[in-house]
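> Just a sequence and a predicted model for now, questions to come.
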Amino acid sequence: MISSGTPAVDVSDRDDIDRLVRRFYEHALTDPTLAPVFEVLAIVGLDEHLLVVGDFWEQILFRTTRYEGNFLPVHRALHAHHGLTPARFERWLELWVGTVDELFAGVHADRAKSKAEAMVRSLQRGVQRPSATG
Ligand code: HEM
């Protein structure tokens, strides 16, 4: 359950992003809908994964680093093995928005939420397309 507080500060640097991402994963890894998919992190390594996801959000929010990952192929593979269903995408977004609101408020926090929503929509379409079309 995500507790409701009164966050006064905006996301302002990489430390904040790392805090946000770690907190999100505390929720996601124990969520009945999402946890089965995140089990792959036992193989990939959670710390390694958190670094990559931190780079991803740092690029989106501040453009102070470069994320050079494999966003779509990684999720296509997850979709093939586990099924990234609409229900799972909705739950992912609900947890992300809830976690942002739990910890932060402001312009960057709002962008973290709106960008996530846009990416959920495009990723959801992307995983269903044949990979040859990119
Ligand atoms: C149903 C929803 C989602 C689930 C269950 C999910 C789960 C996962 C898992 C298990 C991985 C690690 C896979 C691996 O390394 O083999 C991963 C990677 C990642 N996810 Fe998601 N994800 C979801 C949606 C999203 C969305 C909407 C975003 C962004 C807004 C996102 C951002 C990322 C990033 C940046 C990576 C790292 C990819 C790389 O290695 O370059 N995910 N996701």
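Sure thing, it's come through.
> Residue of this protein closest to the ligand, please.
Among residues of the chain, the one nearest the ligand by C-beta to the nearest ligand atom turns out to be Gly69. It sits 2.0 Å away. Any C-beta I mention is one placed from the backbone N, CA and C, and that applies to glycine too.
> Now that residue: closest residue in space, sequence neighbours ignored.
Nearest residue to Gly69, sequence neighbours excluded (C-beta to C-beta, 6 or more residues apart in numbering): Val52, at 5.5 Å.
> is it true that the one you found touches Asn70?
No. Assessed by C-beta atoms under 8 Å, Val52 is found out of contact with Asn70, at 9.5 Å.
> Leu93: how many residues sit nearby?
17 (other C-beta atoms under 10 Å).
> Can you classify Thr30 as helix, strand or coil?
Judged by DSSP: H, G, I helix; E, B strand; the rest coil, the three-state class of Thr30 is coil.
> Tell me the pLDDT of it.
Per-residue confidence at Thr30 stands at 95 (pLDDT).
> Skip ahead from the strand or helix carrying the residue nearest to Gly69 and say which helix or strand is next.
In this structure, Val52 sits in helix 46-62 according to DSSP states H and E. Downstream of helix 46-62, the first helix or strand assigned by DSSP H and E is helix 71-82.
> So which elements touch the following helix or strand past that following helix?
Using DSSP H and E, the next helix or strand after helix 71-82 towards the C-terminus is helix 86-103. Packed against helix 86-103 by the contact rule (3 or more C-beta pairs under 8 Å, 6 or more residues apart in numbering; DSSP states H and E) you find helix 14-28, helix 107-128.
> For the residue nearest the centre of the chain, which residues are in contact?
Per C-alpha atoms, centre = their mean, the C-alpha nearest to the average position across the chain is that of Trp96, at 6.5 Å. By C-beta atoms under 8 Å, 6 or more residues apart in numbering, the contact set of Trp96 is Phe24, Ala112, Lys113, Ala116.
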